[in-house]
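Asks: Here is a sequence together with a model predicted from it:
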Amino acid sequence: MNGPMFDLTGRSALVTGAGQGVGAGVARALAAQGAKVVVNDLRPGRAEAVAADIVGAGGRAETAAFDVTNLAAVTAAVGAHGPVDILVNNAGVGGEHPMAVQAFRDMDPAAWDGPIRVNLYGVMYCCHAVVDGMCDRGWGRVITISSGAGTAGVNIGVSPYSAGKGGGLAFTRTLALEVARHGVTANTLALGLMGMTDPTVTARLARSIPVGRTGTPMDVGAACVWLASEEAGWVTGQTIELNGGAVTT
Ligand SMILES: NC(=O)c1ccc[n+]([C@@H]2O[C@H](COP(=O)([O-])OP(=O)(O)OC[C@H]3O[C@@H](n4cnc5c(N)ncnc54)[C@H](O)[C@@H]3O)[C@@H](O)[C@H]2O)c1
């Protein structure tokens, strides 16, 4: 092996929902390893701020403001920004537990749509736009950000979110099998409890986690760097629980 491990120089990455939180951390981590990052978000201002930060730190970044649930917009953006070697499906909505919960029995069916469209169709649309190119070029990495809500169903009151997150990871696993022979891997990170804006809530959540703290965007960024690397080429079709040791199955 020549040079440091996990070098992403020369790779181009698209990170969806990267205007804040986990996605912003992932974008920064990939850029720090040398990847050019296309920072997507529904909100252009958020994407611009993160991209400017990356460029300010000496990295390479562009912005692409589009809605992952709009297939035409996704396809157009991928066409405009060039080949995508690494796709991180991070954009997600509907998991605001424990702040906002509603039992399925009390829920208006109209509320199902958003979480399932973003967390499942958003993943499928972005994959649709990039996977042919990855297979043609013989190299690609798909990383889907899911949740313990999609694996073990650990959260009460977010059933459409659980359905979307579970769907996203099940889709990613099957995609992995179909593209494996083309040098493309597809894996899922099922996140546990991440830090919240309210430090009191974060401290309370941390007490239930074996390592004693909630997750950070950089915890997820580091895992994405590994999965995106050349060295992780034998890892595919997996769902990795990134949750500080919380037993979920
Ligand atoms: N925060 C947690 O505790 C937690 C736990 C498990 C899993 N996750 C998952 O991690 C991912 C990131 O979570 P977060 O807490 O950083 O979220 P967040 O809400 O802080 O940020 C998500 C970003 O995605 C953008 N976005 C939303 N809908 C979009 C769309 N349709 N198209 C493009 N961009 C869109 C938003 O504008 C926002 O900037 C999500 O997939 C979430 O489900 C989070």
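Replies: Everything's here; your move.

Asks: contacts and neighbour counts: CA atoms only from here.
Replies: OK.

Asks: Which strands or helices does the strand or helix carrying Cys126 pack on?
Replies: For Cys126, the element it lies in under DSSP states H and E is helix 122-137. On a contact count with 3 or more CA pairs under 8 Å, 6 or more residues apart in numbering; DSSP states H and E, helix 122-137 meets helix 71-81, strand 86-89, strand 140-147, helix 159-179.

Asks: residue contacts, the residue nearest to the spatial centre of the chain?
Replies: Here the mean C-alpha position of the chain is nearest to the C-alpha of Asn90 (CA atoms, centre = their mean), at a distance of 2.6 Å. With contacts defined as CA atoms under 8 Å, 6 or more residues apart in numbering, Asn90 is in contact with 15-18, 22-23, 144-146.

Asks: From Leu120, how far out is it?
Replies: Asn90 sits 11 Å away from Leu120 when distances are taken as CA to CA, to the nearest Å.

Asks: Up against the ligand, what does this protein have?
Replies: When proximity is defined by CA under 6 Å from any ligand atom, the chain lies next to the ligand at 16-23, 41-43, 66-69, 90-93, 95, 118, 145-147, 191-194.

Asks: Where do the helices of the chain begin and end?
Replies: Taking DSSP state H as the criterion, the chain carries its helices at 21-32, 44-56, 71-81, 113-116, 122-137, 148-151, 159-179, 199-206, 217-228.

Asks: Worst mean pLDDT among those?
Replies: Out of the helices of the chain, helix 199-206 stands lowest, with a mean of 87 (criterion: mean pLDDT).

Asks: what separates that helix from the chain centre, distance-wise?
Replies: 23 Å (CA atoms, centre = their mean, to the nearest Å).

Asks: So which bits of the helix holding Cys126 are buried?
Replies: 122-127, 129-131, 133-135 (16 or more other CA atoms under 10 Å).

Asks: would you turn those into TSV with distance to Val101?
Replies: Rendered in TSV, the data for the buried residues of helix 122-137 read as follows (distance: CA to CA, whole Å):
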residue	distance to Val101
Gly122	23
Val123	24
Met124	26
Tyr125	28
Cys126	28
Cys127	30
Ala129	33
Val130	34
Val131	35
Gly133	40
Met134	39
Cys135	41
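
Asks: of those, closest to the ligand?
Replies: For the buried residues of helix 122-137, the minimum distance to the ligand (CA to the nearest ligand atom) is 6.9 Å, reached by Gly122.

Asks: Touching, that closest one and Phe66? I think so.
Replies: No. In this structure Gly122 lies outside contact range of Phe66 using CA atoms under 8 Å: 10.9 Å.

Asks: list residues touching both of the two?
Replies: The contact lists of Gly122 and Phe66 share no entry, where a contact means CA under 8 Å, 6+ apart.

Asks: thinking again about what came up before, with mean neighbour count added, can I get the helices and strands packed on helix 122-137 in JSON lines?
Replies: Converted to JSON lines, these look like this (neighbours: other CA atoms under 10 Å):
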{"stretch": "helix 71-81", "mean neighbour count": "16"}
{"stretch": "strand 86-89", "mean neighbour count": "28"}
{"stretch": "strand 140-147", "mean neighbour count": "29"}
{"stretch": "helix 159-179", "mean neighbour count": "22"}
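
Asks: Contacts only, for the nearest residue to Leu191 once chain neighbours are set aside.
Replies: Closest residue to Leu191 apart from its sequence neighbours, by CA to CA, 6 or more residues apart in numbering: Ser147 at 4.5 Å. With CA under 8 Å, 6+ apart as the criterion, the residues that contact Ser147 are 162, 165, 189-192.

Asks: Please repeat the previous calculation with a cut-off of 7 Å.
Replies: By CA atoms under 7 Å, 6 or more residues apart in numbering, Ser147 lies in contact with 165, 190-192.
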